[in-house]
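Colleague: next input, structure requested:
(chains A, B, C and D)
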Protein chains: 2
Amino acid sequence: MKQKSVFKCNCPLARVTEVIGEPWTLMVLREAFLGTRHFNDFERELGIARNILSDRLKKLVDRGLLARVRSESDKRVVEYRLTEAGRDLMPILVGLVQWSGKWLCDGRSPTRFIERETGRELPRIAVRATDGRELRASEVAMVAGPDADADLTARYERAVAAAQSLPN
Amino acid sequence: MKQKSVFKCNCPLARVTEVIGEPWTLMVLREAFLGTRHFNDFERELGIARNILSDRLKKLVDRGLLARVRSESDKRVVEYRLTEAGRDLMPILVGLVQWSGKWLCDGRSPTRFIERETGRELPRIAVRATDGRELRASEVAMVAGPDADADLTARYERAVAAAQSLPN
DNA sequence: GGTATAAGTTGCAAAACGCAACCCATAATG
DNA sequence: CATTATGGGTTGCGTTTTGCAACTTATACC
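Modeller: Residues are numbered from 1 along each chain as shown, chains lettered A, B, ... in the order given. Down below sits the predicted model:
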């Protein structure tokens, strides 16, 4: 895929698409959250082809989500550990699983997230205002930030203009 | 991609990977959030190939994230509108953009989310306990729910067992 | 020294992607 | 009412990526 135009721009969503948009990457991250650290364990748990796994791990390391550490005690062993950036993606993983449970699994939820300390199921993640109030999609707007380039700024301005002329 | 084993199981993350894991899908959804509704507008804004766009819109409609509506006034026109399921994905989109701004754009943030009413920037999305307290990754566990099959249940139990023997 | 294990790499067929050109139905124009 | 324009696609074709299996390298165990 020769990624042009939008993918090269500094839109954060375009960039994150490159990181978690590829097949298997989210599953690999889930395994990492579950504690998997070795190449062969990722392969066995996921049933992923070894070359694809190799590629995904390499990219996740390059992009700073995983750290590749050679074991001291056994020099054959390599450990892939979540970095701070990787752990910081956890809320999104939780959100994705919650959303999927609700909309793709007919409300039946094979996977739950619990608070370790209390064992209670987590509430759904939500977008909140600064005062903590939960916001609906229509109450939120996406706008250009201070570091947006001209193209992106223009894009968001067009969107705001278009949104005002829409009924919904 | 012949998706076997894990992709066919009822793990919600496996399913959501099929929905948003494909290239362009997240970008198409972002455009939908920005108010884009017409085929040609998606094409122009994203610079996406028409056949790929056609495929992604079709899948998003099939999976219930977009609704395909023929216009009454001009019968050439087709409108793609976010469904409730699609709008419900908004927190995740916000989270992805926020995460990307922090970790992939060197903290510079070309895109911001604001509360329409007040114009204030949204705080980062977070995983919270039932009492509203923000939780870190290490405080959260992924466990099998009531509707998990045997394989998945076994998988989570193995993970819990493994997690207890890990230092971190 | 021989075998087992961990972590990859290589080669090949099948599928997915990007691009441009083409197609069909409806609407506007003269 | 024939002609052109517009919206929403589909079709071919060449390139890239994926999946699968087999092979490779380096270390550890017996």
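Colleague: A:Val19: neighbour count?
Modeller: Residues within reach of A:Val19, counting by other Cβ atoms under 10 Å in any protein chain shown, total 22. C-beta here means a position set from N, CA and C on the backbone, and glycine is covered the same way.
Colleague: number of nearby residues for A:Ile20?
Modeller: Neighbourhood size, A:Ile20 [other Cβ under 10 Å]: 24.
Colleague: correct me if wrong: it contacts A:Val28.
Modeller: No: between A:Ile20 and A:Val28 there is no contact, the gap being 9.8 Å when judged by Cβ atoms under 8 Å.
Colleague: quick check: which helices or strands does the worst-scoring helix or strand of chain A on mean pLDDT pack against?
Modeller: Taking all helices and strands of chain A together, the one with the lowest average confidence (mean pLDDT, DSSP states H and E) is helix A:150-164, at a mean of 78. The criterion is 3 or more Cβ pairs under 8 Å, 6 or more residues apart in numbering or on different chains; DSSP states H and E, and the helices and strands that helix A:150-164 contacts are strand A:140-144, helix B:25-34.
Colleague: and the last one, what's its mean pLDDT?
Modeller: So that's helix B:25-34. Helix B:25-34 shows a mean pLDDT of 92 in the predicted model.
Colleague: what does it contact?
Modeller: Residues outside helix B:25-34 that contact it (Cβ atoms under 8 Å, 6 or more residues apart in numbering or on different chains): A:6, A:13-14, A:16-17, A:21, A:137, A:142, A:155-156, A:159, A:162-163, B:19-20, B:41-42, B:45-46, B:48, B:53, B:56-57, B:59-60, B:65-66, B:80-82, B:86, B:89-90, B:93, B:96.
Colleague: ok, now stretch A:113-124?
Modeller: With Cβ under 8 Å, 6+ apart as the test, stretch A:113-124 has contacts from A:94-95, A:97-98, A:102, A:112, B:127-130, B:135, B:138-143.
Colleague: related to what we said a few turns ago, quick one, which of the contacts of helix B:25-34 are buried?
Modeller: Burial by neighbour count, 16 or more other Cβ atoms under 10 Å in any protein chain shown: within the contacts of helix B:25-34 this picks out A:6, A:13-14, A:16-17, A:21, A:137, A:142, A:155-156, A:159, A:163, B:19-20, B:41-42, B:45-46, B:48, B:53, B:56-57, B:59-60, B:65-66, B:80, B:82, B:86, B:89-90, B:93, B:96.
Colleague: is stretch A:53-72 anywhere near DNA strand D?
Modeller: Yes: Stretch A:53-72 reaches DNA strand D (Cβ under 7 Å from any atom of the strand) through A:Asp55.
Colleague: so how far is that stretch off the chain centroid?
Modeller: For stretch A:53-72, the separation from the chain centroid amounts to 16 Å (computed by Cα atoms, centre = their mean, to the nearest Å).
Colleague: now the end-to-end length of that stretch.
Modeller: Between the start and the finish of stretch A:53-72 there is a gap of 23 Å, counting by Cα to Cα, to the nearest Å.
Colleague: returning to that earlier point: what is in contact with A:Ile20 and A:Val28 at once?
Modeller: With Cβ under 8 Å, 6+ apart applied, the contact sets of A:Ile20 and A:Val28 do not overlap.
Colleague: surely A:Met16 is in contact with B:Gly101?
Modeller: For residue A:16 the amino acid is Val, not Met. No: with contacts defined as Cβ under 8 Å, A:Val16 does not count as touching B:Gly101, sitting 9.2 Å away.
Colleague: contacts only, for A:Glu22.
Modeller: A:Arg56, A:Lys59, B:Gly21, B:Pro23.
Colleague: tell me where chain A has strands.
Modeller: With DSSP state E, the ranges of strands along chain A come out as A:66-70, A:78-82, A:111-115, A:140-144.
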